[in-house]
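*Asks:* sequence and predicted structure below; questions after.
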Amino acid sequence: MAGNVDVMQQLLDAGVDVDGRDDNGRTALMHACSHARAKEVEWLLAHDAFEYAKDAKGNTCLYYAMRSGSQKILDVLQLARPWLGK
């Protein structure tokens, strides 16, 4: 999914907020976690995506990572942010 990372970089370069939200209050990090996109999660965290952001229902990226069932995403979050989930 390097193409997604390339597009995200272009958007960031154009001034798009890395923590921008959709109509449900979800951030790109939440979507990447939800869809088990490890490269995108790594990129977003490296570009200071806010891991504690909450959507309109109060869910965070950790919720979406757990819901995705992807251990790899949970591992990426834990490696990048060891304090997350504690």
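*Replies:* Structure's in. What do you need? Numbering: from 1, shown residues only.
*Asks:* residues contacting the residue most central in space within the chain?
*Replies:* Nearest residue to the geometric centre of the chain (C-alpha atoms, centre = their mean): L29, 1.6 Å. Residues near L29 by C-beta atoms under 8 Å, 6 or more residues apart in numbering: D19, V41, L44, L45, A49, F50, E51, A53, C61. (C-beta placed from N, C-alpha, C; glycine too.)
*Asks:* so how far is S68 from it?
*Replies:* 12 Å (C-beta to C-beta, to the nearest Å).
*Asks:* cool, and P82?
*Replies:* Counting by C-beta to C-beta, the gap from P82 to S68 is 20 Å.
*Asks:* so the two - more neighbours on which side?
*Replies:* The neighbour comparison of P82 against S68 (other C-beta atoms under 10 Å) goes to S68, with 17 against 9.
*Asks:* look up phi and psi at that one.
*Replies:* Main-chain torsions, S68, degrees, to the nearest 10: phi -70, psi -20.
*Asks:* and the nearest residue to it once chain neighbours are set aside, which of the three is it?
*Replies:* Distances taken as C-beta to C-beta, 6 or more residues apart in numbering put A36 closest to S68, at 4.7 Å, once the chain neighbours are dropped. Following DSSP: H, G, I helix; E, B strand; the rest coil, the label given to A36 is coil.
*Asks:* wait, A36 sits on Q71?
*Replies:* No. Between A36 and Q71 there is no contact under C-beta atoms under 8 Å: 9.5 Å.
*Asks:* so between these two, which is more surrounded?
*Replies:* Neighbours per residue, other C-beta under 10 Å: of A36 and Q71, the larger number sits with A36, 18 against 10.
*Asks:* for that one, grab phi and psi.
*Replies:* According to degrees, to the nearest 10, A36 has phi 50, psi 50.
*Asks:* picking that back up, so what's the residue nearest to the centre of the chain closest to, chain neighbours aside?
*Replies:* Counting by C-beta to C-beta, 6+ apart, the residue nearest L29 is A49, at 4.3 Å.
*Asks:* show me the contacts for that neighbour.
*Replies:* Applying C-beta under 8 Å, 6+ apart, the residues contacting A49 are V18, D19, T27, A28, L29.
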